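Asker: Any chance you could fold what I've pasted below:
(chains A and B)
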Amino acid sequence: MSIVEKFMTMEYGPAAEDPREALAWLDAHQRRFGHFINGEWSAPAAGTYFETADPSTGEKLATVAQGSAEDVDRAVKAARAALRAWQALTAHARARYLYALARQVQKHSRWLAVLETLDNGKPIRESRDIDIPLVARHLYHHAGWAQILEQEFPGHTACGVVGQIIPWNFPLLMLAWKIAPALATGNTVVLKPAEFTPLTALAFAQICQEIGLPAGVVNIVTGDGCTGELLVRHPDVDKIAFTGSTEVGRAIRKATAQSHKKLSLELGGKSPFIIFEDADLDSAVEGLVDGIWFNQGQVCCAGSRLLMQESIAERLIGKIQDRMNTLRIGPPLDKAIDIGAIVAPVQLERIQRLVDQGVAEGATCWQPSIPVPSRGLYFPPTLLSNVHPSSIVAQQEIFGPVLAAMTFRTPREAVELANNTVYGLAACVWSESINVALHVAAQLKAGVVWVNCTNLFDAACGFGGYRESGFGREGGREGLLEYLEPVWFKQAPPIHATPLAIEQPAETGNEDTPPIDRTVKLYIGGKQARPDSGYSMAVRAADGRLLGEAPLGNRKDIRNAVEAARKAEGWGKATTHNRAQVLYYTAENLSQRAREVAHRLSAVVGKKQAETEVRLGIERIFSYAAWADKFDGAVHNPPFRNISLAIKEPIGTVGILCPADAPLLGFLSLVMPAICAGNTVIVVPSEKYPLITGDLYQIFDTSDLPGGVVNIVTGRAAELSKTLAEHDDVDAIWSFADEASAALAKTLSVGNLKQVFTSEGRAIDWFASRQGEGRWFLDHAVQVKNIWVPYGE
Amino acid sequence: MTPPDKTPVMRDAGLDQRSATTSGAISPFDTAIAQYGGRELQPNRGIPLNLDRIDAVRVNTSAAERRAQTLVTRRTVKKEWQAAWLLRAITCMDLTTLSGDDTEERVRRLCAKARQPIQQELVQRLGVESLGIKVAAVCVYHAFVETARRAVEGSGIHVAAVSTGFPAGLSPLPERVNEIRRSVEAGADEIDVVITRAHVFGARWQTLYDEIAMFKNACGPAHLKVILGTGDLLTLRNVARASLVAMMAGADFIKTSTGKEAVNATLPVSLVMVRAIREYAQETGMAVGFKPAGGIRTAKQALEWLALMKEELGTSWMKAELFRFGASGMLADIERQLAHFATGRYSAEYRHPIA
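Answerer: Reported below is the predicted structural model:
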């Protein structure tokens, strides 16, 4: 009878994946785990444990150690101790270890997938078909990088001991994204998995043991946010890599501001999903399923903001609702389930709260009439329509299976709405016109743009955000750079250890007629401007003689300069050939005035240095003019029929604080790479010789540099730096003036999480071209956008 | 969700509806053969050619392939459900012999297998005697229509004839039309025709529409299954456009392939066709059937295609009136899987009677 009945109804039955192997592994550990430090399991020093549970049933899976200061310290020490031997290995040896890790993950793929699903609640289909294969792929890819590292990154060295903190949404995948590049580049690691999902990281620790990875190279310390904070604040950690919420990202930026820890943050998102009227609508709807109903919507790059062209909105909503009616929500170990359980009660509450708020603000909430299990943490797939950009559900990251739908009229409006967010992690564009798709993709502020596809990832393609979605990339060449430093930089002496060699001031002319009084002004939007304050500051020569007055810029001048810089954004869209021409012309004009510029500068730095600064300055401009049309992106080959364009885009508006030791050369060494890459800048010249401004703007004015590309505000660096660092329309700070203002810039950068580039307290020899120019600066001047374009007919 | 289809499938419902449609006097409710989105759908009567609709077709190949690829990893059926689904697959089969060496005896053997596709002992073990499992149709060349009709008499099994210069479809149009008439007269109640692929390549939609409409007219009460030759059409957009034209012209089924092309039924092609069927149903209120043919040989594939139908069109499309497998080799594998389910042991092919 039972088959007859099933023949009539043709429903899906249960299709549970067997969890026995994974549970047996937990049992083999008596369901209790210590930390994995120095290649061994060890009980937490404080003896504290916490529980991790299966969110689909609430059943306890295991107890896990709560990492204390002592535990973190032991782990960091183990990593530090292992560093030298790990780096002493050949690249090939490190490649073998990574290869073994990849192999081992593949061999144990089902065990890891089941364990992931048990701990996290994501459907087994996803952990089996997406998470774990991507883990293996990441390890393989980086085994390759380890092998060829020295050839591909000559003159680079590892950061050292890396602290890594990962989220609960893709536990093992995020671990692989962190550990693979770190090990490939010769770092050692202390990793803290998320409190809700520590189990696969502990399984990975066992794999490290199995392959005989040298003790201390990978250490896993479990715990909550406090453990993470201990790791972030540990003084012997050289780099922090974090994936998680923007809120915590901010806290980490602040906590590391006073240190020289290198930092990469992969944070939240509110990614737009744009559907044009000429899209393949059925496929776009399927894209949404992979976008917002993937991993219960607990995806930082979830396509959570649907932007539909008005002409198709009604039809599309119908199609989306039809599709939502066929989604299946239920036990994540069931192989025919689309939506599993939400990771924790607190997350479920947050989703409900935000949806309620959205509805209170006028959104229409639609949920399909599909069965939802009554036990366990489930949230039905949800469509919110009539959402406006100002609505909380259009602004805040919900991190749940909730789609907020809006309409647009034109491609321009689509871009405007898409970019109307503090985030910039990912975006989707659906259109069958390659013109429309690429035109829009180019304008989106996002680290990843998927054209006619969604949530594709690959180890070869960088992943990471613009704006408050963080900085740094994971995957590909740019991802490796996050774990490397130039050797010279690593070895550079502390900034205070190199006092300036002041030479005798140059002879000044002895004339009877007094010189004509010279008024140097600020340079804002291509115009000379008086300072808002109406004050000037005295500028003195090395011997104390008064050289003249420089305007004393204040916060309002900075405000005006930032506005001018933002308005000049078209510079970033100018052709690279055009930018090169302007730079060459600038060099030409500096060369014309070389003698007088050097003459005036010599009063501060001496004749010899002044002449060298001008000579090298011209060379430096030439270098970046040369780079302008050569620092280009890449085409990646992920394992799909697809091209992935890694495009280097300017960061935007960059505030630059110039170093004191070389007033002209330092200025040019920072401003030229920034504008070469298409950024517009607000520069604060060194307080030592701000009068250089007067020479520079005359040169810029005669060199066809569009107004607003370079804005110069003289004044007290500390004060101006503060305004710049706090300004939410400044996208990056390059702080090379002094250590204190660099640390301040880091602290204050949290407002919009602007990128901060500093010398980290090290002295840079601007006169040595190997240190003072090149890729290192250019890499900081761009952010990589990966545009995925599957093709085929 | 679409309410489960409570009607037992194998009660010759198809034939009853066929006469009802042509008489045109029955209320829509009675003639409903499917539901989509809560709406009752009638058999296809065709609509005037809508060129705007054809122009508006958009298919993204990579995205369609991705959906096809992941759809089958998103769904699976196990145990009793799998057995039920496999039985359902049998009832949706057009058991086919289209070989140059076909003989009347060979066709009679095929018909005997069609009547009793799985061994009686297995039927009893599964406890499905009441379902009276048999295949949907036997599919033969015109020359064997009469033989087949006699052999399946009284069983409710349809007799399908491939027609119109199968498989190339390039004989003169009047001959192709006559061929249909002769097959219907000989007792075929389903006619599988091939379209002129050249009309698709040349975007001669009106000519294609007229050709298919003429075939439909020649069919009279018989069901028209239109083979698009998707392996020849190559692009998914061509497949989608040809699907729409065929439905507008009155096709009762659209079918992927003759089984003779280099590439036959694939999931991406099938996905595009069933999406076209859905689109047409939503726009016209009429339901068209789907028949993937060629290259489907395993029980696993049968389940994949059924899942495709369920996901994209709903449960009401998972029955012989609206879904057929054009297959000759699949039945043997299904039988073996059913035997495995019933006994717990893996079976051998020779243990099951061949057609």
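
Asker: tell me which parts of the stretch 601-750 of chain A are close to chain B?
Answerer: A:640, A:641, A:642 (Cβ under 8 Å from any Cβ of the partner chain). To be clear about C-beta, it is placed using only N, CA and C from the backbone, and glycine gets the same treatment.

Asker: List the contacts of the spatially closest residue to the first one that is not a sequence neighbour.
Answerer: Of all residues beyond its chain neighbours, the one nearest residue A:640 is residue A:790 (6.5 Å), with distances taken as Cβ to Cβ, 6 or more residues apart in numbering or on different chains. Taking Cβ atoms under 8 Å, 6 or more residues apart in numbering or on different chains as the contact definition, residue A:790 lies against A:451, A:452, A:453, A:640, A:641, A:642, B:60, B:62, B:63, B:66.

Asker: how about a cut-off of 10 Å?
Answerer: A:450-453, A:456, A:638, A:640-644, B:60-63, B:65-66 (Cβ atoms under 10 Å, 6 or more residues apart in numbering or on different chains).

Asker: all strands for chain B, in order.
Answerer: All strands of chain B, identified by DSSP state E, fall at B:34-36, B:39-43, B:93-96, B:137-141, B:158-162, B:190-194, B:223-227, B:253-255, B:286-287, B:289-291, B:325-327.

Asker: again, but for the stretch 651-793 of chain A
Answerer: Secondary structure of the stretch 651-793 of chain A, counting by DSSP state E, counting those that start in this stretch: strands at A:653-657, A:680-684, A:710-712, A:732-735, A:755-758, A:782-790.

Asker: Turn those into JSON lines, columns for mean pLDDT.
Answerer: Formatted as JSON lines, the strands of the stretch 651-793 of chain A follow (pLDDT from 0 to 100):
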{"stretch": "strand A:653-657", "mean pLDDT": "98"}
{"stretch": "strand A:680-684", "mean pLDDT": "98"}
{"stretch": "strand A:710-712", "mean pLDDT": "98"}
{"stretch": "strand A:732-735", "mean pLDDT": "98"}
{"stretch": "strand A:755-758", "mean pLDDT": "96"}
{"stretch": "strand A:782-790", "mean pLDDT": "97"}
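
Asker: now those in a markdown table, with distance to residue B:37?
Answerer: Shown next, in a markdown table, are the strands of the stretch 651-793 of chain A (distance: least, Cβ to Cβ, whole Å):
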| stretch | distance to residue B:37 |
| --- | --- |
| strand A:653-657 | 50 |
| strand A:680-684 | 52 |
| strand A:710-712 | 58 |
| strand A:732-735 | 51 |
| strand A:755-758 | 49 |
| strand A:782-790 | 30 |
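
Asker: Poorly predicted segments of the stretch 551-700 of chain A, please.
Answerer: When residues are selected by pLDDT under 70, none of them lie in the stretch 551-700 of chain A.

Asker: Closest residue of it to chain B?
Answerer: As assessed by Cβ to the nearest Cβ, chain B sits closest to residue A:641 within the stretch 551-700 of chain A, at 6.4 Å.

Asker: Phi and psi next, for that residue.
Answerer: phi -80, psi 100 (degrees, to the nearest 10).

Asker: who's in contact with it?
Answerer: When contacts are counted by Cβ under 10 Å, 6+ apart, residue A:641 touches A:790, A:791, A:792, B:61, B:62, B:65.

Asker: Equivalent analysis for residue A:665, please.
Answerer: A:601, A:605, A:609-610, A:612-617, A:619-620, A:658-659, A:766-767, A:772-773.

Asker: now with 8 Å?
Answerer: By Cβ under 8 Å, 6+ apart, the neighbours of residue A:665 are A:612, A:613, A:616, A:617, A:620, A:766, A:767, A:772.

Asker: isn't residue A:527 right next to residue A:707, touching?
Answerer: Yes. With contacts counted by Cβ atoms under 8 Å, residue A:527 reaches residue A:707, the gap being 6.7 Å.

Asker: which residues are in contact with both of those two?
Answerer: Counting by Cβ under 8 Å, 6+ apart, residue A:527 and residue A:707 have no common neighbour.

Asker: Just give the number of residues close to residue A:368.
Answerer: Look at residue A:368: counted by other Cβ atoms under 10 Å in any protein chain shown, it has 19 neighbours.

Asker: From residue B:316, how far off is the residue nearest to residue A:640?
Answerer: Counting by Cβ to Cβ, to the nearest Å, the gap from residue A:790 to residue B:316 is 33 Å.

Asker: same thing with residue A:121?
Answerer: 33 Å.

Asker: Skipping adjacent residues, who's closest to the residue nearest the centre of chain A in space?
Answerer: Nearest to the geometric centre of chain A sits residue A:471, at 2.0 Å (Cα atoms, centre = their mean). Of all residues not flanking residue A:471 in the chain, residue A:755 sits nearest, at 4.7 Å (Cβ to Cβ, 6+ apart).

Asker: touching chain A at all, stretch B:78-97?
Answerer: Yes. Stretch B:78-97 reaches chain A (Cβ under 8 Å from any Cβ) through B:78, B:79, B:80, B:81, B:82, B:83, B:84, B:85, B:87, B:88.

Asker: which element is whichever residue of the stretch 151-300 of chain A sits closest to chain B on?
Answerer: Closest contact between the stretch 151-300 of chain A and chain B, by Cβ to the nearest Cβ, is at residue A:283 (3.5 Å). Here residue A:283 sits within helix A:281-292, counting by DSSP states H and E.

Asker: Tell me the helix or strand right after that helix.
Answerer: strand A:305-309.

Asker: What average pLDDT does that next one get?
Answerer: Averaging pLDDT along strand A:305-309 gives 98.

Asker: Run the chain-centre distance for that strand.
Answerer: 25 Å (Cα atoms, centre = their mean, to the nearest Å).
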